[in-house]
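In: quick one: sequence plus predicted model below, questions after.
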Amino acid sequence: MSKIRRLAMISLHTSPLDQPGTGDAGGMNVYVVEVARRLAERDIEVDIFTRATSSQLDPVMTLCAGVEVRNVHAGPFEGLTKNELPGQMCVFAREVLRAEAAQPLGHYDVVHSHYWLSGQVGALASDRWGVPLVHSMHTMAKVKNAALADGDTPEPAARVIGEEQVVEASDLLVANTELEARQLIDLYGADPDRVEIVHPGVDCTVFRPQDQAAARAARGIPADALVLLFAGRIQPLKAPDVLLHATAELLQLRPELRRRLVVPIVGGPSGSGLERPTALANLADDLGISDVVRFVPPVPQHELAGWYSAASLVAVPSYNESFGLVAVEAQASGVPVVAAAVGGLTTVVRHGSSGLLVDTHDPLDWAKAIEPALVDEAYRDRLAAGAVKQAQRFAWDATAEQTLEAYHRAVRMREAMAG
């Protein structure tokens with residue numbers, strides 16, 4: 001079997017160099033970076049192709065030893081929404097093919113595309129180079145449209161069609177969880193033999209239990225505070241509004257908590273949330289809870305780890321998550337998670353052991369779930385111990401190793417077809 005030496009990763013709509021937590025940058029960015037780094041540690045050269053969003057970016061930038069980010073000029077640097085990017089796929093694909101054409105024949109051994117836009121380009125590159133296409137969906141239109149937040153915009157039909165085409169074109173599909181694998185098979189007609197389940201991971205050297213008092217002091221949070229944290233992109237899909245409504249309900253149930261309660265919202269507007277960037281702050285005012293809510297811009301991972309350590313609980317009320325990196329990062333930091341019982345969160349969080357799963361998005365239900373874990377320190381400590389144990393199930397080294405095995409399987413399938 002041919003050895004895998006070089007990998008072309010495609011991440012068209014968001015760059016691994018972008019700060020997660022705002023715009024289109026989120027868990028997928030973390031995933032691409034962490035897997036690429038660890039593949040490079042296994043002596044695989046990784047080129048990540050992404051769309052340039054600034055004229056100041058060098059055409060090729062080194063992410064780490066063995067990993068280079070290739071900033072492809074395709075369309076205007078700023079102002080394009082994700083839904084407008086399909087119009088730039090041909091230009092992007094041409095530049096990807098041109099980059100490979102400058103190399104000796106057979107330069108790349110595998111293409112790994114992330115998100116459906118990248119999958120469209122990856123399918124073309126795979127055909128042109130005669131190498132396998134491995135694809136990770138990360139999110140799926142049919143799943144998102146089945147669980148839309150109030151006021152959110154449905155994913156367009158063009159995306160649904162594009163995803164179906166990518167599923168058909170891929171040699172192998174990598175799913176984050178067993179649930180995502182079933183969705184690929186049931187909703188998109190994927191061949192079960194061409195779906196591999198590979199859990200994402202967490203960097204336990206960054207996200208680990210730290211001194212809570214020090215973390216709070218560094219952020220101006222009182223030592224005796226009850227800290228209910230949200231981290232992520234501010235958009236309807238992530239449902240930070242559910243947390244604010246739940247906070248208002250909690251203060252109705254337990255008004256004496258107001259003097260100790262702190263609710264940091266760490267992240268920036270994204271997706272349809274960009275249309276109303278002040279909506280969440282306005283909601284906090286309308287609910288009369290702006291005195292307990294703090295809005296914090298997106299922060300690097302080491303700083304995010306500090307915010308987790310300062311928290312009593314982390315809330316993940318999303319309407320859908322293919323995995324839920326925030327939940328596993330928080331648990332690795334020794335913080336229990338209260339999460340919606342949707343998507344990959346049902347894999348990441350063990351109800352009653354590492355956190356709590358809430359079956360609805362009703363704010364009162366959320367307030368009732370949050371209240372005992374927030375005020376009962378002994379209960380919270382038990383959940384915190386379970387959270388660390390649960391997070392140890394997920395490691396980026398294991399993710400990279402299993403992803404590499406998927407690449408080898410895709411290569412074997414290609415070689416078998418070639419006879």
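Out: Received it, and whenever you're ready, just let me know what you need.

In: so where does Gln120 fall, helix or strand?
Out: According to DSSP states H and E, Gln120 maps onto helix 116-129.

In: give me the contacts around that helix.
Out: 8, 10-13, 49, 82, 85-86, 89, 92-93, 96-97, 100, 106-108, 111-113, 132-133, 135, 137, 141, 159, 162-163, 165-166, 169-171 (CB atoms under 8 Å, 6 or more residues apart in numbering). No exception for glycine: its C-beta is placed from N, CA and C like everyone else's.

In: please pick the buried ones from those residues.
Out: 8, 10-13, 49, 82, 85-86, 89, 92-93, 96, 100, 107-108, 111-113, 132-133, 135, 137, 141, 159, 162-163, 166, 169-171 (16 or more other CB atoms under 10 Å).

In: pLDDT at Gln56, what is it?
Out: pLDDT for Gln56: 87.

In: ugh, wrong one, Val60
Out: If you check Val60, the pLDDT there is 95.

In: who does it form a beta bridge with?
Out: Per DSSP bridges, the residues bridged to Val60 are Arg70.

In: residues in contact with it?
Out: 68-71.

In: how about those in a markdown table, adding neighbour count, distance to Phe295 and pLDDT?
Out: Formatted as a markdown table, those follow (neighbours: other CB atoms under 10 Å; distance: CB to CB, whole Å; pLDDT from 0 to 100):
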| residue | neighbour count | distance to Phe295 | pLDDT |
| --- | --- | --- | --- |
| Glu68 | 16 | 36 | 97 |
| Val69 | 25 | 30 | 97 |
| Arg70 | 19 | 35 | 96 |
| Asn71 | 23 | 31 | 95 |
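
In: of these, which is the nearest to Leu357?
Out: Taking CB to CB as the measure, Leu357 lies nearest Val69 of those, at 36.6 Å.

In: hang on, the earlier thing: list the buried ones in the helix holding Gln120?
Out: Judged by neighbour count using 16+ other CB under 10 Å, the buried positions of helix 116-129 are 116-126, 129.

In: got it, and stretch 219-231?
Out: So, applying 16+ other CB under 10 Å, buried residues of stretch 219-231: 219, 221, 225-231.

In: please apply the same query to stretch 390-398.
Out: Under the neighbour-count criterion of 16+ other CB under 10 Å, stretch 390-398 has 390-391, 393-396 buried.

In: the lengthiest helix in the chain vs helix 116-129, what angle?
Out: Criterion DSSP state H: the longest helix present in the chain is helix 396-418. Inter-element angle recorded for helix 396-418 and helix 116-129: 40 degrees (by axes from the mean of the first three to the mean of the last three CA atoms, to 10 degrees).

In: with just CA atoms, put helix 396-418 into PDB.
Out: The C-alpha coordinates for helix 396-418 follow below in PDB (Å, rounded to 0.1, in the frame of the first residue of the first chain):
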ATOM      1  CA  TRP A 396      -6.600  14.900  19.600                       C
ATOM      2  CA  ASP A 397      -3.800  12.300  19.300                       C
ATOM      3  CA  ALA A 398      -6.500   9.600  19.100                       C
ATOM      4  CA  THR A 399      -8.400  11.700  16.600                       C
ATOM      5  CA  ALA A 400      -5.400  12.200  14.400                       C
ATOM      6  CA  GLU A 401      -4.500   8.500  14.600                       C
ATOM      7  CA  GLN A 402      -8.000   7.400  13.600                       C
ATOM      8  CA  THR A 403      -8.200  10.000  10.900                       C
ATOM      9  CA  LEU A 404      -4.900   8.700   9.400                       C
ATOM     10  CA  GLU A 405      -6.300   5.200   9.500                       C
ATOM     11  CA  ALA A 406      -9.300   6.500   7.600                       C
ATOM     12  CA  TYR A 407      -7.000   8.000   5.000                       C
ATOM     13  CA  HIS A 408      -5.200   4.600   4.600                       C
ATOM     14  CA  ARG A 409      -8.600   2.900   4.200                       C
ATOM     15  CA  ALA A 410      -9.600   5.400   1.500                       C
ATOM     16  CA  VAL A 411      -6.300   4.700  -0.300                       C
ATOM     17  CA  ARG A 412      -6.900   0.900  -0.100                       C
ATOM     18  CA  MET A 413     -10.400   1.300  -1.500                       C
ATOM     19  CA  ARG A 414      -9.000   3.300  -4.400                       C
ATOM     20  CA  GLU A 415      -6.300   0.800  -5.100                       C
ATOM     21  CA  ALA A 416      -8.800  -2.100  -4.900                       C
ATOM     22  CA  MET A 417     -11.000  -0.300  -7.500                       C
ATOM     23  CA  ALA A 418      -8.000   0.200  -9.800                       C
END
